[in-house]
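1. sequence unknown, structure follows:
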């Protein structure tokens, strides 16, 4: 509690009447409102809320008032000072925000100018497509099996029940490494990886094998001597064609959308028996274009189905060549052309685009397909 | 195989409301790829009649010879028709499109004035009617009454199924085989036309021509039927000619056409010889090496002991089951015909056809397997047709045959259910519809395959027959539960990491061909004895310029850079991840001559597997990248930044880092790099690859700009050096910084000096980094000043000035001692 104010300079005595305090407050608020930037406001704060401001001086004199008046005047002056402080703070925030906004506005740039100082790169869509398909199988518990590209003729043909006189074994189709009799070829299919998996892995076997394959075709819009396949193999007790169909449907659905299925058509491959062609339900028209010229579908040629690959139950002769007892174990295998899949999935019309390495082709696909 | 639906309907009674499309759909469902259903003369409408040319007036004065013909079309008066073709004469029977006819393609025939006459119709060629490609002349019919409907005669409107038959199903290369499948699809009765021996007249007195087989393994059945007194001028009836044409064969002469017709009908290739040209018994036998035969395609073929021939006492007459010889072919004067019908080993024919690059209708069937017992039935059918259409006297048949038992296949009765994964109704009946007989015994079947199904050998083959006829679409779809796997291997993960890293840094992945040639090796400046020239060679390369398999990825990438620049893309950053090939040890480019070929009856032994692997070259996986031009574009921020050797080294180091391994960079010299700008990268002292600027000579050899930079690393080797990272220990105590500028001789590598400083500073050195290199007046000539920033820190306390000074002087001392450095 302050001591009684006994010695004061009457000239400095402020008028503590209601009107006078109101006037002080009004002057302060007017000055606050008139301040236009934070520096301006700083001066206003000093003049109207500083130690020598009229309201501060008025406050100092309250102690000299008779006790009866002290409470009433004290309350009035205190309230006025409170309102001035609040007004100062509010105005301060306003001016600070405006100041910052001005500063930021001055720093603004045109963000539409080119910013790609480093050109963008990309993985090849065949790589990412193979990875994507393999991912579907890894999610099911499969592993990725691999094998050499220069492969023994025995693994590429003999062990897969492709007889020595099979037309595929001519030099018109197969690259022979060394000589035609040296027993080494550039693998014509990913299927020798099947055999390697059966020879090298413990049963049961669930593998997927993406890879590069080779045939003696000249490069044109629909052929390339080097292309890619992805192959799947499951060997277990009680593997059935129903399992094959279920697996292919799952792959189709994973790659092409919910509800897309596959269809099997009887066919012939030496290493599977029974064998089938795999057709993919058209993921664009889902069959709606069939017999409806007004809804023609370019993806499937209005057939409703797209030829996708081959498959079948592993021929017991192949199992035997791998030392697996076909009376105990059975298996399925399937294979698809990756180029073909990329072509119909992404509308690639010329095989050459995939092999020439024009960066404009590849960068359009980015890092994932 | 092209099969007219009208012919099919003759053999199997497909209901009339079933259209060809539906037949095709059903055939596709049981494994016969119907590639097209062609309607003969589709789009042809209107009056198409048989006409007889009465007279021809040659018109002259036009650009080409034109004929003004009077043609009897069965009406009261002949019609005048202008025709540009010249392959007919007065009296010939032709096909006339009368005014009102619309040709395929929409061309409408009207009576119109041309070449000064009113042409009242058109005499048609095959192509104009949409029946074939022949436009050399108009169709001249062998028979036909003027005014008769020519559309029926030409089979117009008949659908033809074009079926791609898989190589295991030789029997389906016949109307008989496809008709059986159609009958099964529609569950109709099927009377096999190949199981009935047609009636032939009793043989005349003169004996038939003798025949034989010199090797019953190669030719197990050989028959010859002889007809004498045949009329060589007898024409092929139009219905037969039309069917042959519809099936894609050209009518030749009655005798030849009949053999082809029966082949199409029953699937048994036949060959007709002119008996006059035969000397002694006609028989199958191996050619004597050096024998020469002129085949019907007028090619002189020198034979080897692997060629099976049909021969007589004088030598080869024909390539067995493949193609006849010119010398004994049926001619316009042939009156005595010997029809050969035989069974040949498919492997023999396949090898022979391949060796001579000769694929014929006959060889295609024999390669795939012809009915083992059909020959005498088919030749009887042919003989009956020849006698009926060409007259003559039947002299009888001679023949030889090796004994044959149809193979029996034991199989569990429920095997089809087990393979399918569902109950297969009616399996036995389905199997029997293919011609098999099934004997049941205690839950086991004994299946006897018919003689036209040599492809049915194993139980699995029978299962396929049952399931394809049952319908693959009736088998449910069930996902198998695979056991848990271990995900991608280290190398597989590394590939993805490296790919994402290089792409993120602006590189574009490409996939180049692995074929290279000497020009590539020379262009890369590989020394003559460089191991990278020891590469496998292809026996049959696509191009003689690129006969080898690559030992490096760089030549392919440089080609891609050149191609992109040729297309106006100046700044190129490309990379590839792929296998390269190098001969191992004493492997030779031409390979071995006697590779191991284990039996496929059981698992190969470990030794056999090792012997197989030993045939293969080393095939490590590499990753390589090439940059040319700017690595950062120019723009409003400033000029472009050209790529330098340092970018290549940095990217290579990042690839190594992705594996978790610690890269070591050393100065080196190696093709195809600039000898002063080559960084050898190693891990744990083992070389992993090279990075830097390419040799200017390499750049010009591959047509890429100078200062192109690159790296190539052995990813296979790198993956084996990957390690699991161990968390580092690091201190929170205060850091002390010291800078050292050391003047050393110009040939002292900065990396080595840094290593020295690190070693000399001991445990207190956290990092040593070169931050400036100075060459100029302030240092002696041939020297440079290397400025290093040292970061020093103790694990547990603030370093004292004395400790810092000790480290500093230890570093200077070591640098002076080891590199002759002087503090600047």
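-> Happy to help now that I have it. Everything numeric in this text was worked out from a predicted model, so none of it was measured.

2. From the centroid of chain B, which residue is nearest?
-> Nearest residue to the geometric centre of chain B (Cα atoms, centre = their mean): residue B:542, 13.8 Å.

3. which residues of the stretch 201-350 of chain A fall in strands?
-> All strands of the stretch 201-350 of chain A, identified by DSSP state E, counting those that start in this stretch, fall at A:205-214, A:226-236, A:262-269, A:272-281, A:305-314, A:330-337.

4. quick revisit: pretty sure the residue nearest to the centre of chain B belongs to a helix, no?
-> No. Per DSSP: H, G, I helix; E, B strand; the rest coil, residue B:542 lies outside any helix segment and is coil.

5. Could you list the residues of the stretch 1-150 of chain A in contact with chain B?
-> The stretch 1-150 of chain A comes close to chain B at residues A:113-114, A:116-124, A:126-127, A:131, A:138, A:140-144, A:148-150, as judged by Cβ under 8 Å from any Cβ of the partner chain. Backbone N, C-alpha and C define where each C-beta goes, glycine included.

6. Let's see which of those end up in strands.
-> Within the residues of the stretch 1-150 of chain A next to chain B, membership in strands is found for A:143, A:144, A:150, as judged by DSSP state E.

7. Report pLDDT for the residue lying closest to residue B:476 once chain neighbours are set aside.
-> In space, not counting the residues next to it along the chain, residue B:476 is nearest to residue A:242; the distance is 4.8 Å by Cβ to Cβ, 6 or more residues apart in numbering or on different chains. At residue A:242, the model reports a pLDDT of 98.

8. next one: residue B:533
-> You'll see residue B:533 listed with a pLDDT of 96.

9. Next, residue B:752: phi, psi?
-> In terms of degrees, to the nearest 10, the main-chain angles of residue B:752 are phi -70, psi -40.

10. Looks like it contacts residue B:815 (just checking).
-> No. Contact between residue B:752 and residue B:815 fails when scored by Cβ atoms under 8 Å: they sit 10.1 Å apart.

11. Compare these two (neighbour count), which wins?
-> Remark: of residue B:752 and residue B:815, residue B:815 carries more neighbours, 25 against 14, as counted by other Cβ atoms under 10 Å in any protein chain shown.

12. Report the distance from stretch A:360-369 to the chain centre.
-> The chain centroid and the centroid of stretch A:360-369 are separated by 14 Å, computed with Cα atoms, centre = their mean, to the nearest Å.

13. quick one: it near chain B?
-> Yes. Stretch A:360-369 lies within reach of chain B by Cβ under 8 Å from any Cβ, at A:360, A:362, A:363, A:367.

14. And that stretch, end to end?
-> Criterion Cα to Cα, to the nearest Å; first-to-last residue distance in stretch A:360-369 is 16 Å.

15. one step back: for the residue nearest to residue B:476, what are its contacts?
-> With contact taken as Cβ atoms under 8 Å, 6 or more residues apart in numbering or on different chains, residue A:242 is in contact with B:420, B:421, B:422, B:475, B:476, B:477, B:478.

16. With residue A:251 instead?
-> A:133, A:136, A:137, A:232, A:262.

17. after the helix or strand where residue B:161 lies, next one along is what?
-> Following DSSP states H and E, the helix or strand that holds residue B:161 is strand B:159-164. Note on strand B:159-164: by DSSP H and E, the next helix or strand toward the C-terminus is helix B:175-185.

18. which strands and helices sit next to that next one?
-> With contacts defined as 3 or more Cβ pairs under 8 Å, 6 or more residues apart in numbering or on different chains; DSSP states H and E, the secondary structure elements packing on helix B:175-185 are helix B:5-11, helix B:20-29, helix B:254-266, helix B:427-433.

19. list the buried ones in the first one?
-> Read it as helix B:5-11. The neighbour-count check on helix B:5-11 (16 or more other Cβ atoms under 10 Å in any protein chain shown) flags B:5, B:6, B:7, B:8, B:9, B:11 as buried.

20. Using JSON lines, lay out the residues you listed together with distance to chain A and pLDDT.
-> JSON lines is the format used below for the buried residues of helix B:5-11 (distance: Cβ to the nearest Cβ, whole Å; pLDDT from 0 to 100):
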{"residue": "B:5", "distance to chain A": "21", "pLDDT": "95"}
{"residue": "B:6", "distance to chain A": "25", "pLDDT": "94"}
{"residue": "B:7", "distance to chain A": "24", "pLDDT": "95"}
{"residue": "B:8", "distance to chain A": "19", "pLDDT": "96"}
{"residue": "B:9", "distance to chain A": "24", "pLDDT": "95"}
{"residue": "B:11", "distance to chain A": "22", "pLDDT": "95"}
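
21. farthest-separated two in the contacts of residue A:242?
-> For those, the maximum inter-member distance is 11.7 Å, found between B:420 and B:477 (Cβ to Cβ).

22. Would you mind listing what in the stretch 601-750 of chain B touches chain A?
-> Along the stretch 601-750 of chain B, the residues adjacent to chain A under the rule Cβ under 8 Å from any Cβ are B:601-604, B:609, B:612-613, B:615-617, B:619, B:631-633, B:635-637.

23. All the strands of the stretch 651-800 of chain B, residue numbers only.
-> Listed in chain order (using DSSP E, counting those that start in this stretch), the strands of the stretch 651-800 of chain B are B:664-667, B:673-683, B:686-694, B:709-714, B:736-745, B:765-774, B:783-792.

24. looking at chain A, which helix or strand does the model trust least?
-> Ranking every helix and strand in chain A by mean pLDDT, DSSP states H and E puts helix A:54-61 at the bottom, with a mean of 86.

25. Mind listing what's buried along it?
-> Of all the residues in helix A:54-61, those buried under the rule 16+ other Cβ under 10 Å are A:54, A:55, A:56, A:58, A:59, A:60, A:61.

26. can you put the strands of the stretch 201-350 of chain A in CSV and add mean neighbour count and mean pLDDT?
-> Formatted as CSV, the strands of the stretch 201-350 of chain A follow (neighbours: other Cβ atoms under 10 Å in any protein chain shown; pLDDT from 0 to 100):
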stretch, mean neighbour count, mean pLDDT
strand A:205-214, 24, 98
strand A:226-236, 23, 97
strand A:262-269, 23, 96
strand A:272-281, 25, 96
strand A:305-314, 24, 96
strand A:330-337, 24, 98
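
27. I'd like the ones you listed laid out as a markdown table, including distance to chain B.
-> Converted to a markdown table, those look like this (distance: least, Cβ to the nearest Cβ, whole Å):
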| stretch | distance to chain B |
| --- | --- |
| strand A:205-214 | 4 |
| strand A:226-236 | 5 |
| strand A:262-269 | 3 |
| strand A:272-281 | 4 |
| strand A:305-314 | 6 |
| strand A:330-337 | 7 |
